[in-house]
Structures are given as C-alpha cells and as structure tokens.
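Student: Sequence and predicted model, in that order:
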Amino acid sequence: MKYQSLEKVFEAFNGLTVLVIGDVMLDSYIWGSVDRISPEAPVPIVRVRKRDYRLGGAANVALNVQGLGAKPILCALIGDDDAGMKLLGCLDQQRMSKEGIVVSRNRPTTIKTRLIASHQHVVRVDEESDQELLKDEEAQLLKQIEELMAQCDAIIFEDYDKGVINASLIEKTVALARKKNIPTIVDPKKRNFLDYKEVTLFKPNLKELREGLKLDVDASDSKQVEKAVDKLKSLLNAGVMVTLSEHGVYIDYLSQKKRFEAHKREIADVSGAGDTVVSIAGLCVALGLPPGFIAALSNLGGGLVCEHTGVVPINKKELLKESIEMRLDAHLANT
C-alpha cells in the first residue's frame with residue numbers, strides 16, 4: 001500500500017495542485033429576521049441584519065480543494081462588472097490565484113442571492129447569462145488552460161450550464177490532459193452531459209443521470225443504477241461515480257463496482273454538496289487511490305457539508321476525524 005493510513009492520505013493532499021475549469025459564481029447572502037407579514041402582499045418582511053459574499057460554483061470547488069490542503073487554480077470567465085470585482089476580491093481574501101480568470105465584456109458575472117431569515121431559506125434570486133462562449137473567449141480560456149495545466153496534478157470540470165464550458169473546450173482540454181497523463185474529473189450538468197468522452201471520472205447526481213440518459217432510474221434499485229451506469233460508461237468510455245442523495249453513492253471505476261449508503265445526518269442545506277464531493281474525488285484520483293476509498297470519502301464529505309446553512313467548503317480536520325472514526329482506512333487496500 002502506498003498510503004498506509006488516513007493521516008498519510010490527508011498529508012499527501014497538501015502536495016497537489018488542481019486546475020478547476022468551469023462556471024464561477026458570486027454567492028450573496030442576506031441574513032435577517034421576520035417579525036411580520038407585509039400589508040402589500042402575503043409575503044414576509046425581512047429585517048436585514050447582515051450581507052456577505054462568498055465564492056460559488058466552480059470557485060466553491062476551488063475553496064474545497066484549498067480546504068483539503070491542495071492548491072487550486074481557477075480557470076473561468078467573469079463579467080466586467082461590480083460583481084466580478086467582488087469575486088476577484090473574494091479570491092484575494094482566500095489568497096487564491098487569479099491567473100486563470102478571463103474577463104468578458106459580453107456577459108455578466110453570475111450572482112446567486114440567498115435570503116435567509118431566522119435560519120430559514122426564504123428565496124433565491126439569480127442574475128446570470130447562460131449564453132455560450134464567444135470564439136475569442138474560448139480561445140483565451142484554452143490558452144490559459146494549456147499554460148496552467150503543466151503545473152497541475154488533476155483537472156476538475158465544474159459545469160453549471162452557464163455557457164463557459166462547451167463541447168469544443170471539453171474535447172480540446174481532455175485531449176491535452178490525456179497527452180500529459182493528467183486525470184480529468186467532471187461534475188456535469190445537462191447541456192454537455194454526453195460530451196465528456198474519455199475523461200477519468202464522471203460524477204453526475206441522480207437527477208443528472210436520469211436527464212442525461214433519459215432514463216427513469218430508481219435509486220433504491222441497485223440493478224437499475226448499475227445498468228444505467230454501464231450505459232453511461234459505454235457512451236463516455238470513462239469511470240463513473242453517481243451520487244444518489246439519501247441512497248448514498250455508487251462507483252464503477254478501474255474495474256471495481258462499489259456502493260455506499262448515505263450517513264444519517266441533520267441536514268441543514270444541501271447547497272454545495274456536489275462541489276465538495278467532486279473536490280474530494282479529484283484529489284483522490286490524483287493520488288491514485290482505489291475506487292472504494294474515493295467513493296467512501298466523497299460520500300462522507302458530501303454529507304458533512306450538508307449540516308451547515310449556506311454553501312461552505314469542507315473542514316479537513318472534521319473530515320479526517322470522522323474518516324478515522326468510521327475506519328475508512330479499510331478501503332485503502334490495493335493502493
């Protein structure tokens with residue numbers, strides 16, 4: 001075994017660099033309280049106490065990668081606007097590289113504003129564009145990707161269907177990565193679902209699996225899940241790990257098939273759980289860890305972040321502590 005303990009695995013995360021390609025967002029939070037209903041309409045009046053801004057989308061994947069001890073490099077598009085400046089400011093606060101960020105004059109920075117009152121998520125307002133990249137923007141991104149790829153141990157595609165990732169960019173990036181033996185890990189959405197051919201590990205959730213394959217998959221039926229994943233693997237020629245919400249996770253990778261049940265938790269907010277899962281999986285793939293361990297650790301991490309309100313990155317110490325308690329080292333065999 002290359003890694004004989006969980007502590008050694010988590011220590012090895014510190015030496016990795018990951019290129020994160022995808023749709024970055026600015027998560028805006030308005031926190032307040034509700035004391036009465038509006039006389040103008042049957043809606044609550046929220047008295048605002050605090051507003052803050054956080055990195056979201058692909059930038060939250062980068063935060064998770066950083067939280068696990070590795071170095072993330074974001075490659076993404078933002079608008080030439082106030083939200084874009086705020087997002088760059090958030091990157092500075094996190095001491096995160098901005099060298100892969102391309103500024104567009106043709107689209108706004110995506111902002112998702114969540115209004116939370118008395119610990120309840122009241123409403124979300126999205127300001128965004130999902131138009132595809134212009135040719136010159138794609139060329140700029142590809143130039144950044146090719147230059148930055150040389151220093152990376154893995155590439156994560158974080159696709160939110162906002163237009164930054166398209167079929168051409170996927171094909172060219174994956175081809176470059178394969179030439180350099182850099183693993184590619186994907187958190188997909190509907191638009192480009194079947195364009196991620198030849199990637200290393202493809203990580204849809206249950207909804208994305210159903211929509212992408214146009215199949216009605218029952219997550220509680222292991223045979224249905226396995227059959228759907230077999231079909232997806234044949235279409236993409238890639239390893240597949242599917243998150244199944246309360247039904248856990250299923251992985252078919254490197255000729256191994258494993259399923260893990262979800263851990264029982266007090267769920268506060270599922271926002272960002274997929275970002276955490278793909279970040280953990282990406283680092284594990286970069287280290288060449290076995291499929292069972294990749295799925296088990298990713299499953300555990302995704303559940304942990306759901307205990308927090310709002311989109312938050314994984315806490316490495318908390319993840320290691322629970323990993324030890326749950327004896328995940330048993331899945332390290334064959335590394």
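Tutor: That came through, no problem.
Student: list the contacts for residue 280?
Tutor: For residue 280, the contacting residues are 64, 68, 294, 297, 298, 301, 302, 314, 319, by Cβ atoms under 8 Å, 6 or more residues apart in numbering. For every residue, glycine as well, the C-beta is placed using N, CA and C.
Student: Go again with 7 Å.
Tutor: Applying Cβ atoms under 7 Å, 6 or more residues apart in numbering to residue 280 gives the contacts 68, 297, 298, 301.
Student: The second one - how many residues pack around it?
Tutor: Residue 297 has 28 neighbouring residues, counting by other Cβ atoms under 10 Å.
Student: my guess is it contacts residue 284, does it?
Tutor: Yes - here residue 297 reaches residue 284: they are 6.3 Å apart, a contact under Cβ atoms under 7 Å.
Student: ok, now which ones touch residue 65?
Tutor: Neighbouring residues of residue 65 by Cβ under 7 Å, 6+ apart: 18, 20, 72, 279, 283.
Student: how far away is the residue nearest to residue 12 when sequence neighbours are not counted from residue 180?
Tutor: Distances taken as Cβ to Cβ, 6 or more residues apart in numbering place residue 287 nearest to residue 12, at 5.6 Å, with adjacent residues excluded. Going from residue 287 to residue 180 by Cβ to Cβ, to the nearest Å gives 17 Å.
Student: out of those two, which sits in the more crowded spot?
Tutor: Set residue 287 next to residue 180 and count neighbours by other Cβ under 10 Å: residue 287 wins out with 21 against 11.
Student: which residues of the stretch 1-150 of the chain fall in strands?
Tutor: Applying DSSP state E, counting those that start in this stretch to the stretch 1-150 of the chain gives strands spanning 17-22, 24-37, 44-57, 71-79, 101-104, 110-117, 120-127.
Student: Mind listing what's buried along the second one?
Tutor: For strand 24-37, the buried set under the neighbour-count rule, 16 or more other Cβ atoms under 10 Å, comprises 24, 25, 26, 27, 28, 29, 30, 31, 32.
Student: hang on, the earlier thing: put together a markdown table for the strands of the stretch 1-150 of the chain, with distance to residue 245 and mean pLDDT on each row.
Tutor: Formatted as a markdown table, these follow (distance: least, Cβ to Cβ, whole Å; pLDDT from 0 to 100):
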| stretch | distance to residue 245 | mean pLDDT |
| --- | --- | --- |
| strand 17-22 | 22 | 98 |
| strand 24-37 | 22 | 91 |
| strand 44-57 | 20 | 91 |
| strand 71-79 | 26 | 96 |
| strand 101-104 | 33 | 95 |
| strand 110-117 | 21 | 92 |
| strand 120-127 | 18 | 88 |
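Student: Can you classify the residue positioned nearest the centre of the chain by secondary structure?
Tutor: When Cα atoms, centre = their mean is applied to the chain, the residue found nearest the centroid is residue 275 (2.4 Å). Counting by DSSP: H, G, I helix; E, B strand; the rest coil, the backbone at residue 275 sits in helix.
Student: Is it correct that it is in contact with residue 61?
Tutor: Yes - counting by Cβ under 7 Å, residue 275 touches residue 61, with 4.7 Å between them.
Student: Which neighbours do the two have in common?
Tutor: The contact sets of residue 275 and residue 61 overlap at residue 158 (Cβ under 7 Å, 6+ apart).
Student: How much space separates the residue lying farthest from the centre of the chain from residue 206?
Tutor: Relative to the centre of the chain, and counting by Cα atoms, centre = their mean, the farthest-placed residue is residue 39 at 41.3 Å. From residue 39 across to residue 206, the span is 43 Å (Cβ to Cβ).
Student: and what of residue 219?
Tutor: In terms of Cβ to Cβ, residue 219 sits 5 Å off from residue 206.
Student: Identify the contacts common to those two.
Tutor: Common contact partners of residue 219 and residue 206 (Cβ under 7 Å, 6+ apart): 244, 245.
Student: what helix or strand is residue 208 on?
Tutor: Element membership of residue 208 [criterion: DSSP states H and E] is helix 206-213.
Student: mean confidence for that helix?
Tutor: Per-residue pLDDT over helix 206-213 has a mean of 95.
Student: Return the set of buried residues in it.
Tutor: 206, 208, 209, 210, 212, 213.
Student: likewise stretch 219-238?
Tutor: The neighbour-count check on stretch 219-238 (16+ other Cβ under 10 Å) flags 219, 225, 228, 229, 232, 235, 236, 238 as buried.
Student: how about the helices of the stretch 201-335 of the chain, start to end?
Tutor: 206-213, 222-236, 273-286, 291-305, 316-325 (DSSP state H, counting those that start in this stretch).
Student: With distance to residue 156 as extra columns, can I get the strands of the stretch 1-150 of the chain in TSV?
Tutor: As requested, those are exported to TSV (distance: least, Cβ to Cβ, whole Å):
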stretch	distance to residue 156
strand 17-22	5
strand 24-37	13
strand 44-57	12
strand 71-79	9
strand 101-104	16
strand 110-117	18
strand 120-127	23
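Student: got a list of contacts for stretch 42-58?
Tutor: Counting by Cβ under 7 Å, 6+ apart, 20, 22-38, 63, 74, 76, 86, 90, 94, 110, 112, 115, 117, 122, 158, 160, 311 sit against stretch 42-58.
Student: Recalculate using a threshold of 6 Å.
Tutor: With Cβ atoms under 6 Å, 6 or more residues apart in numbering as the contact definition, stretch 42-58 has outside contacts at 20, 22-34, 36, 38, 63, 76, 86, 90, 117, 158, 160, 311.
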